[in-house]
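Engineer: give me the fold of what follows.
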Amino acid sequence: MKNFKSIAVAFFVALSTLATAQDKKIDTKKSTIAWVGKKVTGQHSGTVNFKEGTLTFKSGKLTGGNLTVDMNSIAVTDLKAGEGKEKLEGHLKADDFFGTDKFATAKIVFKSATLKGSSKSIYTVTADLTIKNVTKPVTFDLTVGKTIATTTINIDRTKYGIEYKSGSVFDGLGDAAISDEFELTVSLQY
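Structural biologist: Numbering: from 1, shown residues only. Next comes the predicted model:
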């Protein structure tokens, strides 16, 4: 009888742990990252794909996450093939920008996720973002549903050593200046 009680307690503890902590893998085929980069004379947009990722929940609340982006998948969607698309994609993969030959992935690791105010679905996330082997903290709001989480975040590329035609780094660029920030619209499906 004593063994039965021990087994029952162990089973209950294991079951409650499973019920309160859960990693949900993102579906990398359905999850999306859309980017927009702006310059004085216009903007360009495109996509980049996830390599893998997991969101962690405890008792139904977001507590963490770990996402890896395949930087070689960067694509330009506002230009057509033969009309500058390949040239811009090549430049974004070059050392001037993301240097994908050396830095094939970017990574974001959640450090904290707290419900925002009285919201039951919007979390303020603090995370470490690594681009080109440089890690900096970022904070953003993430709206979390049953099977999807979404956010829009602006990233200052100069913090990661991406200074090409940055008006805050170089003087006299005039109309050739490119904005330091690029915008990411992220949809995580799990």
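Engineer: C-alpha only now, for contacts and for neighbours.
Structural biologist: Noted.
Engineer: look up how far S187 lies from I153.
Structural biologist: Look at I153 and S187: by CA to CA, to the nearest Å, they are 12 Å apart.
Engineer: which of the two has more neighbours?
Structural biologist: Per other CA atoms under 10 Å, whichever of I153 and S187 has more neighbours is S187, with 19 against 16.
Engineer: mind checking which helix or strand the residue nearest the centre of the chain is in?
Structural biologist: Nearest to the mean C-alpha position of the chain, counting by CA atoms, centre = their mean, stands I108 at 5.8 Å. Following DSSP states H and E, one finds I108 within strand 105-115.
Engineer: the helix or strand following that strand to strand 105-115, inter-axis angle?
Structural biologist: On the C-terminal side of strand 105-115, the nearest following helix or strand under DSSP H and E is strand 122-131. Here the directions of strand 122-131 and strand 105-115 differ by 160 degrees (axes from the mean of the first three to the mean of the last three CA atoms, to 10 degrees).
Engineer: coming back round to it: each with direction, which strands does the strand holding I108 pair with?
Structural biologist: Each strand paired with strand 105-115, and its direction, by DSSP bridges: strand 61-76 (antiparallel), strand 122-131 (antiparallel).
Engineer: now render those as JSON lines, adding mean neighbour count and mean pLDDT.
Structural biologist: What follows is the strands paired with strand 105-115, written out as JSON lines (neighbours: other CA atoms under 10 Å; pLDDT from 0 to 100):
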{"stretch": "strand 61-76", "mean neighbour count": "20", "mean pLDDT": "98"}
{"stretch": "strand 122-131", "mean neighbour count": "20", "mean pLDDT": "98"}
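Engineer: relative to T114, which of those is closest?
Structural biologist: Using CA to CA as the measure, strand 122-131 is the one of these that comes nearest T114, at 5.2 Å.
Engineer: burial measure for E83, as a count.
Structural biologist: 9.
Engineer: helix/strand/coil for it?
Structural biologist: Using DSSP: H, G, I helix; E, B strand; the rest coil, the structure places E83 in coil.
Engineer: look up phi and psi at it.
Structural biologist: phi -120, psi 30 (degrees, to the nearest 10).
Engineer: just the pLDDT at it, thanks.
Structural biologist: On pLDDT, E83 comes in at 95.
Engineer: which one is I108 nearest to, not counting chain neighbours?
Structural biologist: Excluding the flanking residues, the one nearest I108 by CA to CA, 6 or more residues apart in numbering is L129, at 4.4 Å.
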